[in-house]
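Engineer: Dropping a prediction and its sequence here:
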Amino acid sequence: MIVDKLGAKGDGIAYHNGKSLYVPFALAGETILVEPSGERGELKQVVIPSLDRIEPVCSLFQTCGGCSMQHLAPEPYTAWKRDMVVDALASRGLDGTSIGPMITTKVGGRRRAVLSARLMGRRLLFGYHEVKSNRIVDVDKCPLLVPALSNLLPKLAGFLPLFMNKKDEVRVTLLATESGVDVGLEGVKDLYGGPDYLKAVEAAETLDLARLSANGEVLLERRPPLLPMGAAQVSPPPGAFVQADESAEIAMAQRVMDAVGDAKRVIDLFCGSGTFALRLAKKAQVWALEGDEAAVKALERGWRFGTNLKGIKMERRDLFRRPVLAAEMKKFGALVFDPPRIGSKAQAEEIAKSAVPVVVAVSCNPGTLARDLRILVDGGYKLESVTPVDQFLFSPHVECIAVLRK
Ligand SMILES: C[S@@+](CC[C@H](N)C(=O)[O-])C[C@H]1O[C@@H](n2cnc3c(N)ncnc32)[C@H](O)[C@@H]1O
């Protein structure tokens, strides 16, 4: 059969018996052999490949579920991601929006990764899940990760069983920082004070980790894991949100700063550990709000030791239950909001009612972003531009920064 087009998740879509068949790893225009199963098809052979088909950068591609789109040439790949943003905006009647060129990232630039581990008898499986499956594919290197993380994978595998119960799957969050790798384990045994605790400490020493945490509790901090954020350095809480690629973070922060311009008072909603707030504080007084208490504390510490920063008023607040009200936004010259994937409808409704002259919306989900932007546009904001950011290389995820003015 012939593949008609690429879907939003990266599957090739072919028509079979009058229905759409989703075929992972097939490209538009290709003639393929497929084994259909319900609405999905398993790619058996590419009979006539697309001219856009390229060699993947990783030998585990198509087995490991970490990536879905290494086989498409850079230009059509970028167009595919951009189209996701165009389609999401169009679905909310925001067609015609000026969409800037994609901010790209490089292979080997990913500084944060979440992997899984499970014991199968005496054998450890440590890597990413197979596509649409609970099975874990062993990964002993990953070209997408910064070398400090990729090189650590096989060494870490040697120690992981120490922390693991026989059946439970463990979530392993790795973050490469200026002062070494921060490893956070979730779903592991409680080692603190027990006979294996010293072994865990030895493991952290042997691997020269900056910090090792288990189930959110720090087992050992040999050096604070530090990330530069403008004129400050932040030690994020174990497992907390951090932008996955440093070059993407720098480019996004620059766009935020450019849009905010000379505003003297800025609100940063869903501020995390201070990615934008600490940079904005170079020129402006910032009111930074976030739901995670540990992230607010990390921001507070980063700000205290930062150089030449203006004031940041920090507040822990559940912005879904208690969004910042339009009345509280008076006298602010700009507002940045960067909610989780589900977006921030209640908060967008308050911003829409406000008179804040510049709003910058950052989002990793074009669908919920488009919904929230529609609310702002209906409230009188003009959507000036949307810039896609390819922070999650070879995945069907795309980050965006939108600038609005009133
Ligand atoms: C996409 S992250 C952005 C963080 C930050 N702007 C950055 O760039 O590092 C979303 C943030 O929203 C926070 N968050 C999630 N639910 C929240 C809620 N109900 N109220 C306030 N903050 C929340 C998360 O803890 C996380 O820090």
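Structural biologist: Perfect, I can see it now. Residues are numbered from 1 along each chain as shown.
Engineer: Flag every buried residue along stretch 9-26.
Structural biologist: By neighbour count on 16 or more other CB atoms under 10 Å, the buried set for stretch 9-26 is 10, 11, 12, 13, 14, 21, 22, 23, 24, 25, 26. Using the backbone N, CA and C atoms, a C-beta is placed for each residue, glycine as well.
Engineer: just the helices in the stretch 51-200 of the chain please.
Structural biologist: Here the stretch 51-200 of the chain has its helices, by DSSP state H, counting those that start in this stretch, at 74-91, 147-150, 152-159, 197-206.
Engineer: To the ligand, which of these lies closest?
Structural biologist: Closest to the ligand of the helices of the stretch 51-200 of the chain, according to CB to the nearest ligand atom: helix 74-91, at 16.9 Å.
Engineer: Now do that closest one: which elements does it pack against?
Structural biologist: For helix 74-91, the packing partners by 3 or more CB pairs under 8 Å, 6 or more residues apart in numbering; DSSP states H and E come out as helix 366-378, strand 382-389.
Engineer: Among the helices of the stretch 51-200 of the chain, which one carries the weakest average confidence?
Structural biologist: Mean pLDDT per stretch puts helix 197-206 lowest among the helices of the stretch 51-200 of the chain, at a mean of 89.
Engineer: who does the helix or strand just after that helix pair up with?
Structural biologist: Moving toward the C-terminus from helix 197-206, the next helix or strand (DSSP states H and E) is strand 211-214. Here strand 211-214 has these sheet partners by DSSP bridges: strand 180-186 (parallel), strand 217-221 (antiparallel).
Engineer: buried sites along the longest one?
Structural biologist: Of the residues in strand 180-186, those buried by neighbour count under the rule 16+ other CB under 10 Å are 180, 181, 182, 183, 184, 185, 186.
Engineer: farthest pair in these?
Structural biologist: Between any two of the buried residues of strand 180-186, the greatest separation by CB to CB is 20.0 Å, found for 180 and 186.
Engineer: What confidence value was assigned to the residue of the stretch 1-150 of the chain found nearest the ligand?
Structural biologist: Closest approach between the stretch 1-150 of the chain and the ligand, counting by CB to the nearest ligand atom: residue 112, at 10.8 Å. Here, the pLDDT recorded for residue 112 equals 97.
Engineer: low-confidence ranges in this structure?
Structural biologist: Counting by pLDDT under 70, the chain contains no low-confidence range.
Engineer: How is it partitioned into domains?
Structural biologist: With domains defined by automatic domain parsing, the chain comprises 3-53, 79-105+245-405, 112-221.
Engineer: ranking the ones you listed by burial, who's on top?
Structural biologist: Stretch with highest mean neighbour count among the domains of the chain: domain 79-105+245-405 (a mean of 19; mean count of other CB atoms under 10 Å).
Engineer: Start and end of that one, how far apart?
Structural biologist: 27 Å (CA to CA, to the nearest Å).
Engineer: ok, is it in contact with the ligand or not?
Structural biologist: Yes. Using CB under 6 Å from any ligand atom, domain 79-105+245-405 reaches the ligand at 270-272, 275-276, 290-292, 295, 318-320, 338-340.
Engineer: what about the strands in the stretch 151-300 of the chain?
Structural biologist: Along the stretch 151-300 of the chain, counting by DSSP state E, counting those that start in this stretch, strands occupy 170-177, 180-186, 211-214, 217-221, 227-229, 232-234, 265-269, 285-290.
Engineer: residue boundaries of the helices in the stretch 301-406 of the chain?
Structural biologist: 345-353, 366-378.
Engineer: Just give me how far the last one sits from the chain centre.
Structural biologist: Read it as helix 366-378. Centroid separation for helix 366-378 versus its chain: 20 Å, with CA atoms, centre = their mean, to the nearest Å.
Engineer: what do you get for the shortest one?
Structural biologist: In this view, helix 345-353 has its centroid 24 Å away from the chain centroid, taken as CA atoms, centre = their mean.
Engineer: Pretty sure residue 78 sits against residue 102.
Structural biologist: Yes. Counting by CB atoms under 8 Å, residue 78 does reach residue 102; the two are 5.2 Å apart.
Engineer: Overlap in contacts, the two.
Structural biologist: Common neighbours of residue 78 and residue 102 (criterion: CB atoms under 8 Å, 6 or more residues apart in numbering): residue 390.
Engineer: which residues touch the residue lying closest to residue 308 once chain neighbours are set aside?
Structural biologist: The shortest distance from residue 308 to any non-neighbouring residue, by CB to CB, 6 or more residues apart in numbering, is to residue 231 (6.2 Å). Contacts here follow CB under 8 Å, 6+ apart; on that basis residue 231 touches 278, 282, 306, 307, 308, 309.
Engineer: Distance of residue 231 relative to residue 240?
Structural biologist: With distances taken as CB to CB, to the nearest Å, residue 231 is found 21 Å from residue 240.
Engineer: same deal with residue 363?
Structural biologist: From residue 363 to residue 240 the distance is 18 Å (CB to CB).
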